[in-house]
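1. Fold the following.
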Amino acid sequence: MPNRRQVIKSVAGLALISSTPCLLPSPATAASTADLVAAAKAAGQTKVVIAIGGGVYLDVLKELFFDPFTKETGIQTAFVSGGGYEERIARLRAMSETNNMEWDIVATTHDTVRSPEIANYVENLRDCSELSNVVSEGVDGSCLGNAVLWAATGNGIAYDESAFPNSSMRNWADFWDVKAFPGPRALPNVGTPWYVLTAAMLADGVDPKDVYPLDLDRAFKKLDELKPNITVWWTSGDQAQQLLWTKEVVATMVWNGRVAALRMEGFPISFVWSGAMLDADVLAFIKGAPHAIAAKALLNYLYTRPEAHAAFAKRLNYALPNKHAGDFFDADIKSALPTAPQNWSRIVETDVTWLSKNRQELIERWTAWISG
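-> Okay, the predicted model is just below:
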């Protein structure tokens with residue numbers, strides 16, 4: 001299975017514009033998807049159930065990917081959305097242990113997909129030879145063994161510009177500075193506390209390259225300083241977006257795509273790339289999936305149509321893995337992606353090797369701290 005550096009290299013490739021003309025799927029690739037669809041229907045599989053994030057993220061995915069898939073194949077898509085990654089893992093485990101699996105595909109992060117909590121419940125796709133479009137149309141490294149690469153996002157500071165008309169937040173130290181930047185804050189509680197702890201380390205002056213291994217005592221001590229000013233621990237991207245829109249908070253940690261959506265609606269908001277964390281979403285195929293063949297047809301289909309990948313990037317500023325998407329957007333869009341060179345150089349990397357060894361202890365300590 002690729003290590004973190006290999007995956008980051010593949011995600012970074014999403015920022016590159018192909019120097020060759022866009023290549024439409026070859027007849028052989030298209031036939032591969034068609035064969036999977038035909039086999040799914042022959043097996044009586046007429047839908048796919050996906051556990052994935054909701055809100056504007058899912059709305060755009062439906063418009064650009066899932067609805068066209070249904071229109072072209074006749075296979076319906078159903079969604080289980082809401083809640084955080086940890087909640088998804090708990091539900092996945094419960095269904096597996098009771099031999100009552102209802103899902104086919106689960107969306108999670110690269111930071112978590114290799115952890116035992118998820119790895120035990122998803123299929124090994126090996127070299128993705130059954131998913132020819134992942135191999136032929138995806139950036140190098142799109143096949144991760146037990147998942148396929150999907151959206152690359154930045155997880156950083158978003159702040160209401162109208163709350164600070166004469167100054168701008170520049171980093172996590174400013175987020176912690178409630179005197180210079182007064183007002184209520186929000187932070188996520190979605191089962192990935194290492195992002196918040198990373199922010200605390202950066203706010204405490206740690207150089208990004210020295211954040212890992214996380215000094216948990218130091219990170220929680222720094223969080224203790226800010227905790228009285230955290231009025232909401234949000235549990236979904238929709239909630240985080242709403243908190244800013246209603247001005248319930250002046251700043252929060254959130255994905256850059258949520259900021260793009262608010263900006264498109266005219267909200268005065270800024271996203272800070274300095275100290276933002278890479279949050280690469282992946283799609284995993286679940287063991288015991290009730291619609292296994294249809295699910296593979298969908299995963300294969302998602303890697304086609306580079307114009308849809310480009311449209312998604314334009315709408316949400318997330319980078320998707322079709323290697324020809326760059327032929328369909330201009331420099332302004334490219335500069336807003338997490339993989340743009342000026343943004344990529346400021347993004348902080350999670351040490352997944354350390355995380356895989358310390359994740360359970362970290363989760364337990366986080367749960368005790370946030371409940372205290």
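
2. the helices in the stretch 1-150 of the chain, which residues?
-> Per DSSP state H, counting those that start in this stretch, the stretch 1-150 of the chain carries helices over the ranges 4-12, 27-42, 55-61, 67-73, 85-97, 110-113, 116-119, 132-137.

3. Put together CSV for these, with mean pLDDT and mean neighbour count on each row.
-> No exception for glycine: its C-beta is placed from N, CA and C like everyone else's. Shown next, in CSV, are those (pLDDT from 0 to 100; neighbours: other Cβ atoms under 10 Å):
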stretch, mean pLDDT, mean neighbour count
helix 4-12, 51, 18
helix 27-42, 76, 16
helix 55-61, 93, 20
helix 67-73, 98, 16
helix 85-97, 89, 17
helix 110-113, 82, 24
helix 116-119, 80, 18
helix 132-137, 93, 21
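
4. Those into JSON lines, with extra columns for distance to Thr235?
-> Listed next are the helices of the stretch 1-150 of the chain as JSON lines, based on distance: least, Cβ to Cβ, whole Å:
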{"stretch": "helix 4-12", "distance to Thr235": "26"}
{"stretch": "helix 27-42", "distance to Thr235": "34"}
{"stretch": "helix 55-61", "distance to Thr235": "12"}
{"stretch": "helix 67-73", "distance to Thr235": "27"}
{"stretch": "helix 85-97", "distance to Thr235": "8"}
{"stretch": "helix 110-113", "distance to Thr235": "16"}
{"stretch": "helix 116-119", "distance to Thr235": "18"}
{"stretch": "helix 132-137", "distance to Thr235": "31"}
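
5. wait, which of those helices is closest to Ile370?
-> When the helices of the stretch 1-150 of the chain are compared by Cβ to Cβ, helix 85-97 sits nearest Ile370, at 12.1 Å.

6. which residues are in contact with that closest one?
-> Contacts to helix 85-97, defined as Cβ atoms under 8 Å, 6 or more residues apart in numbering, come from residues 51, 80, 101-103, 106-109, 112, 117-118, 120-121, 190-192, 286-288, 363.

7. and Trp172, which of the helices of the stretch 1-150 of the chain is closest to it?
-> For the helices of the stretch 1-150 of the chain, proximity to Trp172 was assessed by Cβ to Cβ; helix 110-113 is nearest, at 18.8 Å.

8. check contacts around Val254.
-> Listed by Cβ under 8 Å, 6+ apart, the contact partners of Val254 are Asn155, Gly156, Ala158, Pro188, Gly237, Ala240, Gln241, Leu244.

9. Could you tell me whether it really is in a helix?
-> No: checked against DSSP: H, G, I helix; E, B strand; the rest coil, Val254 lies outside a helix; its state is strand.

10. Report the contact partners of the residue nearest to Met169 when sequence neighbours are not counted.
-> Closest residue to Met169 apart from its sequence neighbours, by Cβ to Cβ, 6 or more residues apart in numbering: Tyr159 at 4.9 Å. Listed by Cβ under 8 Å, 6+ apart, the contact partners of Tyr159 are Met169, Phe175, Phe181, Val250, Ala251, Thr252, Ile269, Ser270, Val272.

11. Let me know the closest of those residues to Arg315.
-> Distance to Arg315 across the contacts of Tyr159 (Cβ to Cβ) is lowest for Ile269, with 15.9 Å.

12. what's the spacing between that closest one and Ala119?
-> 37 Å (Cβ to Cβ, to the nearest Å).

13. is it true that Gly326 touches His309?
-> No: taking contacts as Cβ atoms under 8 Å, Gly326 lies outside contact range of His309: 9.2 Å.

14. For these two, work out which one has more neighbours and name it.
-> The neighbour count for Gly326 versus His309, taken as other Cβ atoms under 10 Å, is higher for His309 (28 against 24).

15. Can you tell me the element the more buried one falls in?
-> Using DSSP states H and E, His309 maps to helix 306-316.
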